[in-house]
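**Q** Quick one, what's the 3D model for this:
(chains A and B)
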Protein chains: 2
Amino acid sequence: MAAMASTGNPQPLYTGKAKSLFPYDDRHFRMVFRDDLTAFDAVKKATMKGKGYYNCQIAATLLPVVEKAGVPTHFVKLLSDTEHLVKKIKIVKLEVLCRNIAAGSVVKNYGFVEGAEFKKPVVMFDLKEDKFHDPLLNEDIAEALGVATTAEFVKMREMTLKVNTALRNYLEPRGLLLPDFKLEYGYDLDNKLILADEISADTCRFWDAKTRRSIDKDVFRFDKGDVLATYKEAYERITGNRAS
Amino acid sequence: MAAMASTGNPQPLYTGKAKSLFPYDDRHFRMVFRDDLTAFDAVKKATMKGKGYYNCQIAATLLPVVEKAGVPTHFVKLLSDTEHLVKKIKIVKLEVLCRNIAAGSVVKNYGFVEGAEFKKPVVMFDLKEDKFHDPLLNEDIAEALGVATTAEFVKMREMTLKVNTALRNYLEPRGLLLPDFKLEYGYDLDNKLILADEISADTCRFWDAKTRRSIDKDVFRFDKGDVLATYKEAYERITGNRAS
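**A** Next comes the predicted model:
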């Protein structure tokens, strides 16, 4: 990794499972990608030096891919090896899942065959609430909770499908399938709905197109092999850079 | 109960948790309301003589209420104390929940306050599949499973809201609130989408409007009191008949 200075660490505004958010200026946050790994509602935890760097760089590559495709994001630029400068947003308390190939919870919850391709992308909305284990919800429940309106569901769905197309187009020539991914949205200071959070090996399933081998957090979740080497491979294949 | 003869019991076409379905003629099934009670995915079970009768009569009262309000149902007539003559249908593998007041799983799953009234009815669709514990799903998942299309979701939603209004209008003067209920739909032989199953103290929450006391299966689920007396009370208040 290049030796870029970190910008210091005051109290975070928010500490997630693998990232922390710090104040920066009137219109921006500083988002730090930590080396932490968690799975299954943080029941399984680990720390791996370098993981934060790889994910930070993957997200710094893929967020602009999506932006270019017409979906505005909170990403402004890299501040250091492990830090993004991002727009200040008010997060929408939803996780938006988009699925192209059945894997993970839909296999367990509905009996889809692992690896089966969906005829068209499947979009799902989970409440972002660890206390309730991020339950699936629909427009009516979201509205009753005051989390989002039906119109916002429609808009996030449209944006998510655009993100899906942009990512698949980017990953395909790199020999990667995109079984599914998770997005988060927020409102910027101009009250515009934009993509927030990250797009990384923590939030996407990446499969090698030939072997269908996981190159993502599933290697950690299910003890499938060398976790750090997996994040490094995802980094190299997605950014086109060689890890030092 | 009146002494009406049962029409005999050959092999059922389908045995549910509290009802059995038998052949009748080319266009009809015979639906038998048994005395069985189950809760929590049939982990809790009981049999209570008379329960099937009360539920059968409640459903024979409420299904015509709904039909009158413009929602076609599979109910034709009573065949005996515990049997409905119903139209042959091909069931849609969904359970449609409609909620007016927060109770049960939405309290547990999303943190709504028990008894809180929703500003507008909340409609949810569960996959009817015990093996997967009837998980919530959305249009995309239903379509991927081949269970229903988005257009069918829209139609079932509309019909469910009509049912809700009809039931509330009927129950209100009887001093009953309707916190929530579950419906099932099917296609009849003319390929028309109609309401199937039952509307009873097993599939609805009925609360006394003054005391908010449960007059439904929650009394069995949560050991709230005399279960058979509860079904009897629901029967008397809903049908207007005195139980013998």
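
**Q** ok, the top strand by length along chain A: who's next to it in the sheet?
**A** With secondary structure taken from DSSP state E, chain A has its longest strand at strand A:176-188. Strand A:176-188 has its sheet partners listed here by DSSP bridges as strand A:89-91 (antiparallel), strand A:94-101 (antiparallel), strand A:193-196 (antiparallel), strand A:204-208 (antiparallel).

**Q** Adding mean neighbour count and mean pLDDT, write those out as CSV.
**A** Backbone N, C-alpha and C define where each C-beta goes, glycine included. Supplementary listing: these in CSV, determined by neighbours: other CB atoms under 10 Å in any protein chain shown; pLDDT from 0 to 100:
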stretch, mean neighbour count, mean pLDDT
strand A:89-91, 16, 97
strand A:94-101, 22, 98
strand A:193-196, 21, 98
strand A:204-208, 23, 98
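
**Q** would you list those strands in CSV and tack on distance to residue B:41?
**A** Shown next, in CSV, are the strands paired with strand A:176-188 (distance: least, CB to CB, whole Å):
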stretch, distance to residue B:41
strand A:89-91, 35
strand A:94-101, 25
strand A:193-196, 37
strand A:204-208, 30
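
**Q** nearest to residue A:71, of these?
**A** strand A:193-196 (5.6 Å; CB to CB).

**Q** ok, back up a step: right, so of the strands paired with strand A:176-188, which gets closest to residue B:196?
**A** The nearest among the strands paired with strand A:176-188, by CB to CB, is strand A:94-101 at 30.3 Å.

**Q** Residues touching the closest one, excluding its own?
**A** A:106, A:115-118, A:121-128, A:134, A:137, A:142, A:147-148, A:156-157, A:160-161, A:163-164, A:168, A:177-185, A:205, A:207 (CB atoms under 8 Å, 6 or more residues apart in numbering or on different chains).

**Q** From those residues, keep the buried residues only.
**A** A:106, A:118, A:121-128, A:134, A:137, A:142, A:147-148, A:156-157, A:160, A:163-164, A:177-185, A:205, A:207 (16 or more other CB atoms under 10 Å in any protein chain shown).

**Q** Would you agree residue A:230 is in contact with residue A:201?
**A** Yes - under the criterion of CB atoms under 8 Å, residue A:230 makes contact with residue A:201 at 7.2 Å.

**Q** out of the two, which sits in the more crowded spot?
**A** residue A:201 (28 against 23; other CB atoms under 10 Å in any protein chain shown).

**Q** In chain A, what residue spans correspond to strands?
**A** Using DSSP E, strands in chain A cover A:14-15, A:19-25, A:28-33, A:36-39, A:44-47, A:75-80, A:83-87, A:89-91, A:94-101, A:117-127, A:136-137, A:176-188, A:193-196, A:204-208.

**Q** got those as TSV, with distance to residue B:17 columns?
**A** Listed next are those as TSV, based on distance: least, CB to CB, whole Å:
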stretch	distance to residue B:17
strand A:14-15	45
strand A:19-25	46
strand A:28-33	50
strand A:36-39	36
strand A:44-47	36
strand A:75-80	51
strand A:83-87	51
strand A:89-91	42
strand A:94-101	32
strand A:117-127	28
strand A:136-137	24
strand A:176-188	34
strand A:193-196	44
strand A:204-208	37
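
**Q** Looking at these, which is nearest to residue B:58?
**A** Taking the strands of chain A one by one with CB to CB, strand A:136-137 is closest: 30.9 Å.

**Q** can you pull the alpha-carbon coordinates of the lengthiest helix in chain A into CSV?
**A** The longest helix of chain A (DSSP state H) is helix A:150-171. The C-alpha trace of helix A:150-171 is given here as CSV (Å, rounded to 0.1, in the frame of the first residue of the first chain):
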residue,chain,number,x,y,z
THR,A,150,-43.7,3.9,-1.7
ALA,A,151,-42.4,6.6,-4.1
GLU,A,152,-39.0,6.3,-2.5
PHE,A,153,-39.1,2.5,-2.9
VAL,A,154,-39.8,2.9,-6.6
LYS,A,155,-36.9,5.4,-7.0
MET,A,156,-34.4,3.2,-5.0
ARG,A,157,-35.4,0.2,-7.0
GLU,A,158,-34.8,2.0,-10.3
MET,A,159,-31.4,3.3,-9.1
THR,A,160,-30.5,-0.1,-7.8
LEU,A,161,-31.2,-1.7,-11.2
LYS,A,162,-29.0,0.9,-12.9
VAL,A,163,-26.3,0.1,-10.4
ASN,A,164,-26.7,-3.6,-11.2
THR,A,165,-26.3,-3.0,-14.9
ALA,A,166,-23.3,-0.7,-14.4
LEU,A,167,-21.5,-3.1,-12.1
ARG,A,168,-22.2,-6.2,-14.2
ASN,A,169,-20.9,-4.4,-17.3
TYR,A,170,-17.7,-3.5,-15.4
LEU,A,171,-17.1,-6.9,-13.8
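
**Q** residues in contact with that helix?
**A** Applying CB under 8 Å, 6+ apart, the set of residues contacting helix A:150-171 is A:62, A:65-66, A:68-71, A:92, A:94, A:96, A:98, A:100, A:121, A:123, A:125, A:139, A:142-143, A:148, A:177-178, A:181, A:183, A:185, A:193, A:195, A:199, A:204, A:206, A:238.

**Q** Just grab the bridge partners of residue A:89 for me.
**A** Beta-bridge partners of residue A:89, as defined by DSSP bridges: residue A:188.

**Q** wait, what's in contact with it?
**A** A:74, A:186, A:187, A:188, A:194, A:196.

**Q** Widest-spaced pair of these?
**A** Farthest pair in those, by CB to CB: A:74 and A:187, 10.3 Å.

**Q** Can you work out which residues contact both of those two?
**A** The contact lists of residue A:74 and residue A:187 share A:89, A:194, where a contact means CB under 8 Å, 6+ apart.
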